[in-house]
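**Q** Fold the following and give me the result.
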Amino acid sequence: MPDAPPTIDDASADDLSAATGTKWRLVTDQVMGGVSEARVRRATVAGRPAVHLTGDVNLANNGGFVQTTLDLRPDGGTVDASAWTGIAITVRGNGESYNLHLRTTDVRRPWQSYRQSFGTTGDWRTIRLPFDGFTAHRIDAPLDLSRLRRIGLVAIGREFRADLAVADLRFYA
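**A** Below is the predicted model of the structure:
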């Protein structure tokens, strides 16, 4: 029986805490010498509480990403999401495309992940990202949904201004 509850984050906390009992963290390409800058915070965006990622993606110094990540368990362990079909995300943005990255225990390098892109508009909308739509990036292992560790919301790959608000993130069947 899967141990992943449906709600990952519903933006109900005042700080960066999620329903998982973990906190959203900011990671940029500066960890590898890049110069992209960003901020993640809780904010009310267009009338809804949300996790709000803003910043500038810059390709200088072999950079090119900003992201906010969320461990799925406070102890750094895994959840079994194999009974779910995918992840539903309620988002609002600036018309740019973003990625949702999944990490499992098979992912050992920072550049490895399972990825799926999604577009944004200036209106709130819920997007369903089915697990079978995620593609492996720089990893040969198939996506093992029984060993999910972390989710990342990522602005990546080109120079642009990131502005992504997430009001709800959950597994769906």
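
**Q** now the strands for this structure?
**A** Along the chain, the stretches classed as strands by DSSP state E are 7-9, 25-28, 37-45, 48-57, 65-71, 86-93, 97-104, 113-119, 125-130, 135-137, 148-156, 160-172.

**Q** Give the other helices and strands that the third one contacts.
**A** Looking back up the chat, that one is strand 37-45. In terms of contacts (3 or more Cβ pairs under 8 Å, 6 or more residues apart in numbering; DSSP states H and E), strand 37-45 is packed against strand 25-28, strand 48-57, strand 65-71, strand 160-172. All C-beta atoms are positioned from the backbone trio N, CA, C, and that covers glycine.

**Q** Highest mean neighbour count across these, which stretch is it?
**A** When those are scored by mean count of other Cβ atoms under 10 Å, the highest mean neighbour count falls to strand 65-71 (a mean of 24).

**Q** what packs against it?
**A** Strand 65-71 sits against strand 25-28, strand 37-45, strand 48-57, strand 148-156, with contacts defined as 3+ Cβ pairs under 8 Å, 6+ apart.

**Q** Of these, which is nearest Ala4?
**A** Between Ala4 and the helices and strands packed on strand 65-71, the shortest separation by Cβ to Cβ is 7.2 Å, and it involves strand 148-156.

**Q** Relative to the whole chain's centre, how far out is that closest one?
**A** 3 Å (Cα atoms, centre = their mean, to the nearest Å).

**Q** so what secondary structure elements neighbour that strand?
**A** Packed next to strand 148-156, using 3+ Cβ pairs under 8 Å, 6+ apart, are strand 48-57, strand 65-71, strand 97-104, strand 160-172.

**Q** As a markdown table, these with mean pLDDT and distance to Arg125 would be great.
**A** Formatted as a markdown table, the helices and strands packed on strand 148-156 follow (pLDDT from 0 to 100; distance: least, Cβ to Cβ, whole Å):
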| stretch | mean pLDDT | distance to Arg125 |
| --- | --- | --- |
| strand 48-57 | 98 | 12 |
| strand 65-71 | 98 | 19 |
| strand 97-104 | 98 | 13 |
| strand 160-172 | 98 | 10 |
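
**Q** Please convert these to a markdown table, extending it with distance to Val35.
**A** As requested, the helices and strands packed on strand 148-156 are exported to a markdown table (distance: least, Cβ to Cβ, whole Å):
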| stretch | distance to Val35 |
| --- | --- |
| strand 48-57 | 9 |
| strand 65-71 | 11 |
| strand 97-104 | 20 |
| strand 160-172 | 14 |
